[in-house]
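# Quick check, what structure comes out for this input:
(2 chains)
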2 protein chains.
Amino acid sequence: MILILITNLLILSAVVYGAPKKKTYSELKSCDLGNLAEEIASYDTVVKDIIDYAVTGPFKGKTYDELAKFVDKFGARPSGSQVLEDSIDYMIELTREEDINDIVTEEVKVPHWSRGEEKLTMLEPRVKNIAILGLGMSVPTPPEGITAEVIIIRNFTELENIEEDTIKGKIVLYDPVFTTYGKTVKYRSQGATKAAAKGAVASLVRSIAPFSINSPHTGMQTYGKNVTKIPTAAITLEDADLIRRIITRGEKVILKLEMTSTYDDKISRNTIIDLKGRDRPDSLVIVSGHIDSWDVGQGAMDDGGGLFISWAAPVILKRLSLRPKRTIRSIFWTAEELGLVGAKAYEEQHRNDSYNINFIMESDEGTFAPLGLAVAGNQEARCIIAEILKLFESISASTLIEDDSPGSDITLITSIGVPGASLYNENSEYFWYHHTEGDTMNVLDEHELDLGTAFWTAVAYIIADISVDIPR
Amino acid sequence: MILILITNLLILSAVVYGAPKKKTYSELKSCDLGNLAEEIASYDTVVKDIIDYAVTGPFKGKTYDELAKFVDKFGARPSGSQVLEDSIDYMIELTREEDINDIVTEEVKVPHWSRGEEKLTMLEPRVKNIAILGLGMSVPTPPEGITAEVIIIRNFTELENIEEDTIKGKIVLYDPVFTTYGKTVKYRSQGATKAAAKGAVASLVRSIAPFSINSPHTGMQTYGKNVTKIPTAAITLEDADLIRRIITRGEKVILKLEMTSTYDDKISRNTIIDLKGRDRPDSLVIVSGHIDSWDVGQGAMDDGGGLFISWAAPVILKRLSLRPKRTIRSIFWTAEELGLVGAKAYEEQHRNDSYNINFIMESDEGTFAPLGLAVAGNQEARCIIAEILKLFESISASTLIEDDSPGSDITLITSIGVPGASLYNENSEYFWYHHTEGDTMNVLDEHELDLGTAFWTAVAYIIADISVDIPR
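Presented below is the predicted three-dimensional model:
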C-alpha cells in the first residue's frame, strides 16, 4: 500500500478551457510514494528512448506530415458527412500499415447538420455585409430572410431585466466581454433559447474569442424544450463592436439575416485501436482525440493534433517493441462537436465491460508545446501522475494541473470516478482559431507536435506498465 | 548660420514599410546647433501643454471617437466612389465646426475600379472554396471563369528560368516568403504582368503579410504595356501553403477563378486646410494622411488614423490659440491606394507655387504608439529634427530614423529635395490587417491615438514656429 500524506492540497474546481491555476509536483506536499517513486524513476531510459525516437529520430516530423496529408486530403470533417466516414477509413488503413490490426469501429447515430447559404446584411444606418457563421443545429430563416432591429445585450441578467415588449420581434445580439471560453460560451450555446423565450425572432452572438481578423467562430448550440427555435449565428468581434458603437450613439441598427441549413441523422463510428497488454490486457490506458471537426477550416488544431498524437502512441510503442503490462487503447471519437455524441455512445456501450479503464487521456485543447497534464482523480492518483511527470523535465512538460473535469469527451467517464487527464499545453492562442476558417496546419508547429507525440506516448506507456493501478 | 559637425553618419537607404535601423539623436555625433538648441528647448512648455490637452485634457479620446464616428458612418472609401466624396464633405464640415474656414479642395481625376463577385474554387484534388480578394485594376474573368492547373513560383528568378511551355495556359501562384513588405510587394504589384508575358491565363499571389486568420490582402497592381491583361487576385497564407503542400506531394491542383469588376474614371478631391502662419504664411509645414481606403474593412488603420491625427493638428493649435510663424497645412490626399493619384496631382499643381514647403509630414504606416519620425533631408535638417524630438522623451517618441524615402504620398515631394518625415510608430502588427476586412477600429487604441495626435501637433507646431527654415 502506498502511504500518502497530503496537506493543504486544494482541489481546484474545473476550469474548462480557461487558464487553470498551475500546481507543480513540488507543491503537492508529502506525496510519499515509497518504493513506487523508485519504480517510476526507473522509466527514465524508456522516456529518453521515446523522446529521441519521436523528436530527433525516425519519427521526427512525422506527426506533422501525416496530419497535413490527412487534413489536406479531407479538409473539414463534419458530423454525419461522408468525408468524415472516409477519413475514418483512411485512419484505419494508416494504422494497419503499421501492422497494428486490433482495430474495431463501433457505430453511433450522429446528427448531420449541414450549413447552406448564409448572409447577414446591415440595412440601417448603412448597407454593409457582415461576416457570419451559423451556429450548430440552427434552423434556417424563411426564404425571404428575417429583417429586424437589433437589441444588444451584454449578459443574461441584462436580458432577464428587460421588458418582453422591448425584445419582441427583434434580433438579440449577445455581446459578452470575453474572459475565458468556459465563462462566455453559454451565450453561444444557450443564447437562442433565452432570446426566443423573450420573443426575439433571431439571435446573434459576438464570437467567443479574444482576437479576430474579421473571423466569425461557429460552435454548438442547443434549443431548449417548448421554446420557438429561432435562427442563430456568430458575428465577428469587429462587427459586434461596430453595432454597439452605432447603438450607443442613439442610432437604430436594422439587419437582414438569411440562412439555410438541413438536418438529418446519420451513422458514424468511434474507432478503437488496441495494443494489447502483455500481463493484464483487460486493464486499459486510453489515449484519445476526436476525428470529426467543424465544417470550416481543416480541423487541424481541433482536433487533428489530438487525433494524431493519439494515433502515434500505439504506433511508436509497436515500432519500439514496447509492450506494456496493460492495454494501450487509442480512441478516435466521432461527433464530438455536435455534443460529445461518440463519447456518450462509448460510455453507454462499455459501461458494464469486463474491460476496466485504469486511466483515460484526451487531447482536445491544442497540441502546442506540451507542458504536462490536467488531471482528474483523487490525491493518491495525482501523486502518482505527478511523479511520472517528473520524468519530462527535459522537455519542460512536468506540470500537473488539478482539474476535476479535464477535457471534453472524457468528462463523461471521469465524472463517474475514473481517473484521467487532458493534455496541458501552451495553448494561449487556441481561441484565436477555434471553430474558424483559420483552423489549418498553419496554426501548428512540427517540433511542438513531435514533443506532444513523445510526451503522450511515454506517459501512456508508463501508466500502462507500472506495478500499481491508478487509485480511484 | 548653424554649425554642423557630423561624423560617421550613415545615410541609410529607404526601407519602405520595413524594419528600419533606428538612429537616436545621441548617435548623431556632434550636431552643434549653437543657439538653436536652446531655442528648441524653450518649446518644452508648449509641448507639455499640447500633450496635456490631447492625452489627459479636453481632447482625450477625441481622436479615437471622431475616427470611429467617421469610419462607422462611411465604412470603406474606395477611390472614385460616391462614399469617398461624401466622406470628404464630412471632413470639411467637421473642420468648419472648429471655426477653421481656410479650406480648399482641388479636383483630381482618379481611377474608379469596382470589385464585383469573386470566387475561387479548387476542383482537384478535391473541391474547396478558397478565399480571395482581387487585386486593384484586375480585369474580370470571362463569365464562365478560368479553369486551369496551378504552377507555384517562389520568386521572379524561378519564373524566368522556367520554359514558357510549362507556364502557358496555367494559373501562376506566387508564393514568396514574407520578409518585409518592401521586399515582397513586387509579387503583388508586378506578378500578373510577368506571368502573362510567359503565357499564364491568370495569376494569384500569397497575401503580402506575415500573419493570417484566413485573411486575404488586396492591393494595387499595374499591368505592363504590350502584355495581355490577365485576372489577378490574392489568396491567404493558409491556402498558399495548402496548395504548395499538395503540389509538393506530386498532385495536380486545378482551380476555377471567377471574377467580375468594372472600371472608369471619376473626379475626386484633395482637401487642403490651412492654419495661416502669423509671420510667414507663405512657408508651409504640411501634415497629411490619405482619406481614401481599400474597399474592404473600414480603412480605420489605413489611413483613418493618419487622416485624423493630421486633422487634429490644426484643430488643437486653433483651440489652444497657438498660431505659429509659418502656415500649418493639413492635407487629406485622395486616391492614394490606386497609385498616389492625389499626391501626384498636388505636386504637379503646386510645383511653381509661391507657397514654399518648409517641411512635409505624413502618417500612413499606422497610428500605434508614436516612437518618433523617419526623416528625409540633409544632415543639418536631421540634426534640427532630432533636437526637436528630444522634447518628446516623456512619451517615448524621441527616435529619429534616417530614411531617404519615408512615407508614401510625400515621397513625390521629398524626392525633389524637400525635407520631410513619416510617423515612426510601434507598427509591428500593421501588416496583419493591411488591406483586409480586418482593418477596423479594433486595430486601434484610444490612448495611442491620443499620443499620436499630441506628437504630430506639437512637432508640426515647433517646426512651423522656430526661427530657422529646415535646411535642404
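# Tell me the secondary structure of the nearest residue to A:Ala200 once chain neighbours are set aside, please.
Closest residue in space to A:Ala200, ignoring its immediate chain neighbours: A:Val172 at 4.4 Å, by Cβ to Cβ, 6 or more residues apart in numbering or on different chains. For the C-beta atoms, the positions are set from N, CA and C on the backbone; glycine is no exception. Three-state call for A:Val172 (DSSP: H, G, I helix; E, B strand; the rest coil): strand.
# try A:Arg188
Secondary structure assignment for A:Arg188 (three-state DSSP): helix.
# Over to A:Tyr424?
Three-state call for A:Tyr424 (three-state DSSP): strand.
# model confidence over the helix ranked longest in chain A, on average?
Counting residues, the longest helix in chain A under DSSP state H turns out to be helix A:446-465. Averaging pLDDT along helix A:446-465 yields 98.
# rewinding a little: partner residues bridging the residue nearest to A:Ala200?
When bridges are called by DSSP bridges, A:Val172 pairs up with A:Ile151, A:Ser203.
# For it, grab the count of nearby residues.
28 (other Cβ atoms under 10 Å in any protein chain shown).
# what residues are up against it?
When contacts are counted by Cβ atoms under 8 Å, 6 or more residues apart in numbering or on different chains, A:Val172 touches A:Val150, A:Ile151, A:Ile153, A:Leu159, A:Gly191, A:Ala195, A:Lys198, A:Ala200, A:Ala202, A:Ser203, A:Leu204.
# Compare the residues you listed and tell me which is most surrounded.
Compared across the contacts of A:Val172, A:Leu204 has the highest neighbour count, 31 neighbours, by other Cβ under 10 Å.
# That one touches A:Tyr187, doesn't it?
No - under the criterion of Cβ atoms under 8 Å, A:Leu204 is not in contact with A:Tyr187, lying 10.1 Å apart.
# what sits in contact with each of the two?
Shared contacts of A:Leu204 and A:Tyr187 (Cβ under 8 Å, 6+ apart): A:Tyr174.
# Next, count neighbours for the closest residue in space to A:Thr334 that isn't next to it in sequence.
Nearest non-adjacent residue to A:Thr334, counting by Cβ to Cβ, 6+ apart: A:Gly342, 3.8 Å away. If you count neighbours by other Cβ under 10 Å, A:Gly342 ends up with 28.
# Correct me if wrong, but A:Gly342 is in a helix.
Yes - A:Gly342 forms part of a helix when assessed by three-state DSSP.
# any idea how far A:Ile153 is from the closest residue to A:Gln221 other than its chain neighbours?
Nearest residue to A:Gln221, sequence neighbours excluded (Cβ to Cβ, 6+ apart): A:Leu135, at 4.3 Å. Distance from A:Leu135 to A:Ile153, counting by Cβ to Cβ, to the nearest Å: 16 Å.
# list the contacts for the residue nearest to A:Thr334?
A:Gly342 touches A:Val108, A:Val110, A:Ser268, A:Asn270, A:His290, A:Asp292, A:Trp333, A:Thr334, A:Ala335, A:Glu336, A:Asp409, counting by Cβ under 8 Å, 6+ apart.
# one more time with 7 Å, if that's ok
By Cβ atoms under 7 Å, 6 or more residues apart in numbering or on different chains, A:Gly342 lies in contact with A:Val108, A:Asn270, A:Trp333, A:Thr334, A:Ala335, A:Glu336.
# shouldn't A:Asp72 be in contact with B:Thr248?
No - using Cβ atoms under 7 Å as the test, A:Asp72 is too far from B:Thr248 to be in contact (10.4 Å).
# So the two - more neighbours on which side?
Applying other Cβ under 10 Å to A:Asp72 and B:Thr248 shows that A:Asp72 carries more neighbours, namely 22 against 9.
# ok, A:Val108 touching A:Asn270?
Yes - here A:Val108 lies in contact with A:Asn270, judged by Cβ under 7 Å, at a distance of 6.0 Å.
# what do the two both touch?
Taking Cβ under 7 Å, 6+ apart as the criterion, A:Val108 and A:Asn270 both touch A:Thr334, A:Gly342, A:Ala345.
# how close does A:Trp402 sit to A:Arg280?
No, residue A:402 isn't Trp; it's Glu. Relative to A:Arg280, A:Glu402 is positioned 28 Å away (Cβ to Cβ).
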